[in-house]
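1. prediction below, plus the sequence it came from.
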Amino acid sequence: MNKILILCTGNSCRSQMAHGILDFLLNNCSVYSAGTKPEPVNKYAVRVMSEIGIDISNNSSNHIDEYLKHNIDLVVTVCDNAKEICPVFPKQTKFLHHSFNDPASAKGKDEEVLKIYREVRNQLKDYIKSDLLKLLS
């Protein structure tokens, strides 16, 4: 696999965190992330990623259409909505799906919200290490 695209709806939390984790773990692949309805990168996602030494503060949210002609080898959808409306890619592309809760819907004080972001970050990290990396090797 040379090119991996992580896809969710907003490209602000889950896909950005997964993108950062994959970039950190892989040095032989190009990793991208996109959304079907992009929103700015979420400040809580940036914060919880920095806690594990991964900087996504300069990432930008991108629309899925930007990657349709990039010869993507693997598309990983991290929410059900993105899976349902994921476009067809011109090249024979593999698809992998696992839905994660959207931390952007977390409510409460900063520490309560950060707790939810950390849980999703850790779930993404575990999924990537246990399932996705096996597929890539």
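-> Received the coordinates, thanks.

2. so who does the residue nearest the centre of the chain touch?
-> Centroid-nearest residue in the chain, with CA atoms, centre = their mean: residue 15, separated by 1.8 Å. Counting by CB atoms under 8 Å, 6 or more residues apart in numbering, residue 15 touches 6-8, 33-35, 78. Backbone N, C-alpha and C define where each C-beta goes, glycine included.

3. ok, the closest residue to residue 66 other than its chain neighbours to residue 95 distance?
-> Leaving aside its sequence neighbours, residue 66 sits nearest to residue 34 (CB to CB, 6 or more residues apart in numbering; 6.5 Å). Remark: distance between residue 34 and residue 95 (CB to CB, to the nearest Å) = 14 Å.

4. higher neighbour count, these two?
-> Taking neighbours as other CB atoms under 10 Å, residue 34 and residue 95 compare with residue 34 leading, 24 against 14.

5. can you list contacts of the strand or helix carrying residue 121?
-> According to DSSP states H and E, residue 121 maps onto helix 110-127. When contacts are defined by CB under 8 Å, 6+ apart, helix 110-127 is touched by residues 13-14, 17-18, 21, 44-45, 47-49, 51-52, 78, 98, 100-101, 103, 106-107.

6. can you flag the buried ones in those?
-> Using 16 or more other CB atoms under 10 Å as the burial test, the contacts of helix 110-127 include 13-14, 17-18, 21, 44-45, 47-49, 78, 98, 100, 103, 106 as buried.

7. hey, C-alpha coordinates of stretch 17-33 in PDB?
-> Output in PDB follows, covering the C-alpha atoms of stretch 17-33 (Å, rounded to 0.1, in the frame of the first residue of the first chain):
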ATOM      1  CA  MET A  17      -6.200  11.800  14.700                       C
ATOM      2  CA  ALA A  18      -5.900   8.600  12.600                       C
ATOM      3  CA  HIS A  19      -3.900  10.500  10.000                       C
ATOM      4  CA  GLY A  20      -1.500  11.600  12.700                       C
ATOM      5  CA  ILE A  21      -1.100   8.200  14.200                       C
ATOM      6  CA  LEU A  22      -0.500   6.500  10.800                       C
ATOM      7  CA  ASP A  23       2.000   9.200   9.800                       C
ATOM      8  CA  PHE A  24       3.800   8.600  13.000                       C
ATOM      9  CA  LEU A  25       3.900   4.800  12.600                       C
ATOM     10  CA  LEU A  26       4.500   4.500   8.900                       C
ATOM     11  CA  ASN A  27       7.300   5.800   6.800                       C
ATOM     12  CA  ASN A  28       6.800   3.900   3.600                       C
ATOM     13  CA  CYS A  29       3.300   5.200   2.800                       C
ATOM     14  CA  SER A  30       1.700   8.500   2.000                       C
ATOM     15  CA  VAL A  31      -1.200   9.200   4.400                       C
ATOM     16  CA  TYR A  32      -4.000  11.600   3.600                       C
ATOM     17  CA  SER A  33      -7.300  12.500   5.400                       C
END
